[in-house]
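Enquirer: got a predicted model here, sequence first, then my questions.
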Amino acid sequence: GQQVMQIPQYQHVQEGEDFTTYCNSSTTLSNIQWYKQRPGGHPVFLIQLVKSGEVKKQKRLTFQFGEAKKNSSLHITATQTTDVGTYFCETNAGGTSYGKLTFGQGTILTVHP
Amino acid sequence: DTGVSQNPRHKITKRGQNVTFRCDPISEHNRLYWYRQTLGQGPEFLTYFQNEAQLEKSRLLSDRFSAERPKGSFSTLEIQRTEQGDSAMYLCASSLVGQGRYNEQFFGPGTRLTVL
């Protein structure tokens, strides 16, 4: 099935610094989704990327899908304490397992005020 | 509150006992997923339903696990003869797919299972 590797596993930043997490696959992805999970909470959908080279922005968050559709990134500009949480990428297994969804291991972001 | 509810929120059981969890998805959603999540890991796919049909089940899911969605609305996940390794957060998510809609999942708060 589809596997996605997410790096880094942890990221500690000072408030105001930027943050980036990467999601990589050895095979071409049809789409990729990003979720955020606050400590003690459940995953919350952020964005979907479908097109090669796609870039989407949500305020301080910028999402990119690689040209080869094998990698994706989430970048946060000028982090705030409210950005704390775990960020997951997610994709589907593809082929006959289109409905089976696979999450990356997640990047835990902590922000020091 | 996403509109997806799960009950119970916490379950403590002894090894060998059976447990059942319930998920009530957003009413118009046709797809329902079950995941298991342990500390420091991403949600691990268990199974999913399209309406009442169970379309895929993870190979990691042993025969002790069974899920149903009898009328295409709520779903139950049963674990028989629980083991300590079953201790985890069990998450349910629902989505509306088809007609060009993307599979944006709405997660419930989860049921935390502790097996003693």
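Expert: Happy to help now that I have it. Numbering: from 1, shown residues only, chains lettered A, B, ... in the order given.

Enquirer: going forward, measure contacts and count neighbours with C-alpha atoms only.
Expert: Noted.

Enquirer: identify the residue spatially nearest to residue A:55, adjacent ones excluded.
Expert: residue A:64 (4.5 Å; CA to CA, 6 or more residues apart in numbering or on different chains).

Enquirer: for residue A:14, same thing?
Expert: residue A:112 (4.7 Å).

Enquirer: so that neighbour touches residue A:13, yeah?
Expert: Yes. The pair residue A:112 / residue A:13 is scored as a contact, 6.2 Å apart, by CA atoms under 8 Å.

Enquirer: pLDDT score assigned to residue A:84?
Expert: What the model reports for residue A:84 is a pLDDT of 98.

Enquirer: quick one: contacts for the residue in chain A that chain B sits nearest to?
Expert: Nearest residue of chain A to chain B (CA to the nearest CA) works out as residue A:105 at 4.8 Å. Contact analysis of residue A:105 by CA atoms under 8 Å, 6 or more residues apart in numbering or on different chains lists A:5-6, A:9, A:88, B:40-42.

Enquirer: quick one: the residue nearest to residue A:14 and residue A:79, what's the gap?
Expert: Counting by CA to CA, to the nearest Å, the gap from residue A:112 to residue A:79 is 10 Å.

Enquirer: which one's more surrounded, the two?
Expert: A side-by-side neighbour count of residue A:112 and residue A:79, using other CA atoms under 10 Å in any protein chain shown, places residue A:79 first with 23 against 14.

Enquirer: looking at this, that one is in a strand?
Expert: No. Counting by DSSP: H, G, I helix; E, B strand; the rest coil, residue A:79 falls outside a strand, being coil.

Enquirer: wait, isn't it in contact with residue A:12?
Expert: No. At 10.6 Å, residue A:79 does not count as touching residue A:12 under the criterion of CA under 8 Å.

Enquirer: shared neighbours of these two, which are they?
Expert: residue A:111.

Enquirer: enumerate the residues of chain B near chain A.
Expert: Chain B comes close to chain A at residues B:40-45, B:47-48, B:55-56, B:104-110, as judged by CA under 8 Å from any CA of the partner chain.

Enquirer: OK, contacts around the closest residue to residue B:65 other than its chain neighbours?
Expert: Among residues not flanking residue B:65 along the chain, residue B:79 sits closest, at 4.7 Å (CA to CA, 6+ apart). For residue B:79, the contacting residues are B:18-20, B:64-66, by CA under 8 Å, 6+ apart.

Enquirer: try it again with 6 Å
Expert: Going by CA atoms under 6 Å, 6 or more residues apart in numbering or on different chains, residue B:79 touches B:18-19, B:64-65.
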